[in-house]
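Enquirer: pasting the sequence and the predicted model now:
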Amino acid sequence: VHPEKCRLCGHCVAVCPTDAIDHDKIPLQDCPPIDSQQLPAVEVMLTALRARRSYRRYRDRPVARQLIRDLISYARWIPTGYNRQYIDWIVLDDEQSITELLQKALREVRHSIEQGREASQFLGELSVEDIDRLIEQAAQKRKPFFFDAPVILAGYCEKNTVCAREEATYAAYNITLTSERM
């Protein structure tokens, strides 16, 4: 009805009760009807959630582009505020780009500390010297925080987007849950 407002969420295709909508970027075959009998039992879901761990050792091999595309597609199957897909993704899969991202992020943290702002609860009580040491480690091809991951997916959206942090978290979790089983 209003193609200029389309956010490529796929909900119109997925929920149409008569399969009358076939979006050129979200084909009907990518949104099959959901058979409630095929949904996992609560016990199976709980087992999967309890089995979830944070892995920080990655294989030193490239990740297929199609797998990355699939993972990003799974990220859009999240509940969203206003039923919109605000999150876009940057994929970094070369060492130089990953190093540059890490160094830029650490420089932003350093700047925050210099301005007297709390750097982050995640980073704890790091000093400027600590941040400088981490920046140097990144320059030496050691990746604090990224643990030598071969691919970094960075979700982003426009500034001041409603529910952006929450939606990015849900989307990243969808990626994390599905990537472990691939």
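Expert: Looks like it arrived, so ask away. Residues are numbered from 1 along each chain as shown.
Enquirer: who touches stretch 51-62?
Expert: 93, 147-150, 176-177, 180 (Cβ atoms under 8 Å, 6 or more residues apart in numbering). C-beta: built from backbone N, CA, C; applies to glycine.
Enquirer: convert the C-alpha atoms of the helix or strand bottoming out on mean pLDDT in the chain to CSV, please.
Expert: In the chain, the helix or strand scored least confidently by mean pLDDT, DSSP states H and E is helix 11-15, which has a mean of 78. Output in CSV follows, covering the C-alpha atoms of helix 11-15 (Å, rounded to 0.1, in the frame of the first residue of the first chain):
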residue,chain,number,x,y,z
HIS,A,11,5.6,-9.2,8.7
CYS,A,12,3.1,-8.4,5.9
VAL,A,13,4.1,-11.5,4.0
ALA,A,14,4.3,-13.7,7.1
VAL,A,15,0.9,-12.8,8.6
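Enquirer: what's downstream of it, the next helix or strand?
Expert: Later in the chain than helix 11-15, the nearest helix or strand by DSSP states H and E is helix 42-51.
Enquirer: just checking, L153 is part of a strand?
Expert: Yes. Counting by DSSP: H, G, I helix; E, B strand; the rest coil, L153 is found in a strand.
Enquirer: show me where this structure has helices.
Expert: Here the chain has its helices, by DSSP state H, at 11-15, 42-51, 65-75, 95-114, 128-139, 164-179.
Enquirer: got a markdown table for the ones you listed, with distance to D88 too?
Expert: Shown next, in a markdown table, are those (distance: least, Cβ to Cβ, whole Å):
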| stretch | distance to D88 |
| --- | --- |
| helix 11-15 | 18 |
| helix 42-51 | 28 |
| helix 65-75 | 9 |
| helix 95-114 | 15 |
| helix 128-139 | 25 |
| helix 164-179 | 10 |
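Enquirer: out of those, which gets the lowest mean score?
Expert: Ranked by mean pLDDT, those bottom out at helix 11-15, with a mean of 78.
Enquirer: centre of the chain to it, how far?
Expert: Offset of helix 11-15 from its chain centre (Cα atoms, centre = their mean, to the nearest Å): 22 Å.
Enquirer: contact partners of it?
Expert: For helix 11-15, contacts defined as Cβ under 8 Å, 6+ apart pick out 21-23, 26-28, 30-31, 83.
Enquirer: contacts for stretch 39-46, please.
Expert: Residues contacting stretch 39-46 (Cβ under 8 Å, 6+ apart): A48.
Enquirer: what about that stretch, distance to the chain center?
Expert: Using Cα atoms, centre = their mean, the offset of stretch 39-46 from its chain centre is 24 Å.
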